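*Asks:* Need coordinates for the below:
(2 chains)
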Amino acid sequence: MVLQSTDGGFTKAELLKSSSSRKRRKKKKESIFRSLIRPVEQKSGNNRHSKFYGKRTKNTFKQFIKQNLKLQKDTVKGLKKLLKKDPKCLDKLKDLAELPLCSKILKFEDFQEINRLWNNYAKELIGTTDSITVMTSKLSTCEFIGAFVEVTHSGCINNIGQKGIIIWESQHNIIIVVPRAGGWRSDISVTNPKYSYSELIGGLRIINKEGTRFKFRVNVDSESPTSTEEPCYIEFEIIGDRLMVRSIDRANKKFKNHAVRDIEL
Amino acid sequence: MICDLNVVYPQDDFDVFPGARELNKLKGCLAVLEQLGYTHIALNFEPKWTSGTINKHMPGDIQKVNPINVDKDFPEFKGRLKIYSRITLKIDDPSQCQNITKFQQVFDIVAVEPQTERALQLAITNLEVDIITFNYRERLPCYLKHKTIGAATEKGIHFEIKYSDILESGTHARAQAISNIKQLIRASRSRGLLCTSGITFEERSRARAYCDVSVLLEFMGLDRNRASQAFKDWSLDVLLSGRLRIKSYKQVIAVSGDGGLIDNSLEQNDWSLKRKDAPTNIKIDARGYKKRRLVEKD
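*Replies:* Here you go, the predicted model:
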């Protein structure tokens, strides 16, 4: 996700001065996505009137994530209530997003474009090399926002099998957007799988890196140049315990081997 | 998953390869170990030279450094046993250890056998190895202190106990082995040990099931839980750290195979085979990991 740069905070005096205007702004609840569409003129003197004046990017983003998580929680509650009233109301629906209740939740489909961009980026990054060492060292410094990952190992069993597109990576957490009613059950279940409410609505998931392994795929060219275009991929695994750095620091970080007793087989 | 990370490969020279008879006996050995319930086995290549003189004898071509061709020589055990390759280097001259990184790229596990106290210090502080082992039949190079051993355990280096040394029939060697192993258990405070057989292809009858050995270890002062950990958890730790050195970049991002992180089945293990456009080192060749992508329709 691209975040607009803000003016980077304010002093205490400014805060007092602008407190009245901030109150006004609070009433208008605006989605963060609108800022992506509308260009914000920052450089000129009128950035004081900008929606983001006096806010840090970090805080705005945090607020956005919090709002969304709360929304998801409320939606689950609302869905439960709805089903209590009319247990068959979901059977007619093809897609849950059509429900007015779920319309505001982040949709997986909106992020597929960023995933497409990332796939090209990763393919270009790896290039034509065949050496595992070169590939993995390049990937360890690359950006993961936009990658489609699957959680294979986790200390929290609810996280295992979550699949989604990474929208943010912090020091300790990875935030992914999961599709509606998507998950590992559709792969293994013979009968129609039963999903929980939170699985049904999809949306944001915050996944702790500690003790977690993420699997992702990178497309590569086919093995032999003579055969016709055979699309191939290589699967890689992120070992979350060793990646506990911010993505900004990761570019220059020198990784080291450690004792492996914290890594599960 | 019970591991035996030391079955001696019948070769101590880079150029002289084992004959068919020796390989057959080794296969018999592996079959016995399979019967005893072991699942992961490492074949141990011990060059006869110490680190000071090995550079003169080492072949220049990296393809020839690893003599163990698992795919070619042991096709019978595919699917039955997981076979890894290991090298044990004798270190006497601490200044001559630059070539150890070369071995890390071609062997699954790298072990060292320090001959002096300084070599032991160096192996713990500077070298990136998985196992430190000793010749238990003779006197240890130095008195083992808890501080040095503990530093190694903290770093993730494990110490090896070879139970075939205790089964040795020579009385003096056996007494020495028992005292040495007790010293190691005491100095390590029963942590970070792994127990292996250390049998050669002729000593097939020395192979024991893991529960028999753990009784023996209990008698030496290691409690039952840790004795079983020495065969299971800690041995797997060694395998994992060794495998991650090949499969991953500094344990951050790893290539993912089908069977977890310690699996080596997708790599090519036949060093004698040379493909036309193969890179210099087949162990780090990623082509085995390529999978066909299913093209999504409509």
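
*Asks:* give me the number of residues near the nearest residue to B:N66 once chain neighbours are set aside?
*Replies:* Nearest residue to B:N66 in three dimensions, chain neighbours excluded: B:V106, at 4.4 Å (CB to CB, 6 or more residues apart in numbering or on different chains). All C-beta atoms are positioned from the backbone trio N, CA, C, and that covers glycine. By other CB atoms under 10 Å in any protein chain shown, 21 other residues sit near B:V106.

*Asks:* can you check the one 4 residues further on too?
*Replies:* Other residues near B:V110 come to 23 when the count uses other CB under 10 Å.

*Asks:* Ok, B:M220 next?
*Replies:* Per other CB under 10 Å, the neighbour tally for B:M220 reads 16.

*Asks:* repeat for A:R180
*Replies:* Neighbours of A:R180 (other CB under 10 Å): 18.

*Asks:* residues in contact with the closest residue to it other than its chain neighbours?
*Replies:* Once flanking residues are discounted, A:R180 sits nearest to A:G202: 3.9 Å by CB to CB, 6+ apart. Counting by CB atoms under 8 Å, 6 or more residues apart in numbering or on different chains, A:G202 makes contact with A:I105, A:L106, A:K107, A:F108, A:V177, A:V178, A:P179, A:R180, A:A181, A:G182.

*Asks:* how does it look with 7 Å?
*Replies:* A:I105, A:F108, A:V178, A:P179, A:R180, A:G182 (CB atoms under 7 Å, 6 or more residues apart in numbering or on different chains).

*Asks:* Same question for B:G19.
*Replies:* With CB under 7 Å, 6+ apart, B:G19 has no contacts at all.

*Asks:* Pull the contacting residues for A:V260.
*Replies:* B:G156, B:D237, B:L240, B:S241, B:L244.

*Asks:* hmm, 8 Å instead?
*Replies:* Taking CB under 8 Å, 6+ apart, one finds B:G156, B:D237, B:L240, B:S241, B:L244, B:Q251 in contact with A:V260.

*Asks:* Distance of the third one relative to chain A?
*Replies:* Right, the one you point to is B:L240. Going from B:L240 to chain A by CB to the nearest CB, to the nearest Å gives 5 Å.

*Asks:* Check which helix or strand that residue maps to.
*Replies:* Per DSSP states H and E: B:L240 is located in helix B:233-247.

*Asks:* Okay, now the unreliable bits of chain B?
*Replies:* B:259, B:265-298 (pLDDT under 70).

*Asks:* so who does B:W234 touch?
*Replies:* Neighbouring residues of B:W234 by CB under 8 Å, 6+ apart: B:H158, B:G192, B:L193, B:L194.

*Asks:* Pull the most distant pair out of these.
*Replies:* Using CB to CB, the pair of those lying farthest apart is B:G192 and B:L194, separated by 8.0 Å.

*Asks:* shared neighbours, those two?
*Replies:* Going by CB under 8 Å, 6+ apart, residues that sit against B:G192 and also against B:L194 are B:H158, B:F159, B:W234.

*Asks:* Pick out the residue closest to the middle of chain B.
*Replies:* B:R86 (4.0 Å; CA atoms, centre = their mean).

*Asks:* name the helices or strands packed onto the helix or strand hosting that residue?
*Replies:* Per DSSP H and E: B:R86 is located in strand B:82-91. Where contact means 3 or more CB pairs under 8 Å, 6 or more residues apart in numbering or on different chains; DSSP states H and E, strand B:82-91 is packed against strand B:3-8, strand B:40-45, helix B:100-106, strand B:109-114, helix B:117-125, helix B:233-247.

*Asks:* just to revisit the earlier point, how much space separates the residue nearest to the centre of chain B from A:G164?
*Replies:* 40 Å (CB to CB, to the nearest Å).

*Asks:* Tell me the bridge partners for the closest residue to A:Q72 other than its chain neighbours.
*Replies:* Distances taken as CB to CB, 6+ apart put A:G203 closest to A:Q72, at 4.7 Å, once the chain neighbours are dropped. The partner list for A:G203 in beta bridges (DSSP bridges) reads A:V178.

*Asks:* Ok, the one 10 residues further on next?
*Replies:* For A:R213, the residues forming beta bridges with it (DSSP bridges) are A:H153, A:I239.

*Asks:* wait, isn't it in contact with A:E150?
*Replies:* No. The pair A:R213 / A:E150 is not scored as a contact, 9.5 Å apart, by CB atoms under 8 Å.

*Asks:* For B:A177, see how far away B:V213 is.
*Replies:* 14 Å.

*Asks:* can you check A:L79 too?
*Replies:* For A:L79 relative to B:A177 (CB to CB), the value is 68 Å.

*Asks:* Where does the stretch 101-250 of chain B get nearest to chain A, which residue?
*Replies:* B:G156 (2.9 Å; CB to the nearest CB).

*Asks:* Can you tell me, leaving aside adjacent residues, what's nearest to that residue?
*Replies:* A:A259 (2.9 Å).

*Asks:* Return the residues in contact with the one you found.
*Replies:* Here A:A259 is in contact with B:E154, B:K155, B:G156, B:D237, B:S241 (CB under 8 Å, 6+ apart).

*Asks:* Mind checking which of those are buried?
*Replies:* Neighbour counting by 16 or more other CB atoms under 10 Å in any protein chain shown classes B:G156, B:D237, B:S241 among the contacts of A:A259 as buried.

*Asks:* Show me where the chain has its strands.
*Replies:* Picked chain A for this. Ranges of strands in chain A, per DSSP state E, are A:148-153, A:163-169, A:173-178, A:203-208, A:213-220, A:232-239.

*Asks:* Not quite, go with chain B.
*Replies:* Listed in chain order, the strands of chain B (DSSP E) span B:3-8, B:40-45, B:82-91, B:109-114, B:131-132, B:158-162, B:193-196, B:248-249, B:253-255, B:291-292.

*Asks:* Make CSV out of these and add distance to A:D130.
*Replies:* Formatted as CSV, the strands of chain B follow (distance: least, CB to CB, whole Å):
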stretch, distance to A:D130
strand B:3-8, 29
strand B:40-45, 26
strand B:82-91, 21
strand B:109-114, 23
strand B:131-132, 30
strand B:158-162, 32
strand B:193-196, 33
strand B:248-249, 15
strand B:253-255, 12
strand B:291-292, 15
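
*Asks:* ok, the residue of the stretch 51-200 of chain A found nearest chain B - how many residues close by?
*Replies:* Nearest residue of the stretch 51-200 of chain A to chain B, counting by CB to the nearest CB: A:T136, 3.6 Å away. A:T136: 23 surrounding residues under other CB under 10 Å.

*Asks:* list the contacts for it?
*Replies:* Here A:T136 is in contact with A:F236, B:K247, B:S248, B:Y249, B:V252, B:I253, B:A254, B:V255 (CB under 8 Å, 6+ apart).

*Asks:* isn't B:N264 right up against B:Y84?
*Replies:* Yes. Shown here, B:N264 and B:Y84 form a contact pair, counting by CB under 8 Å, at 6.5 Å.
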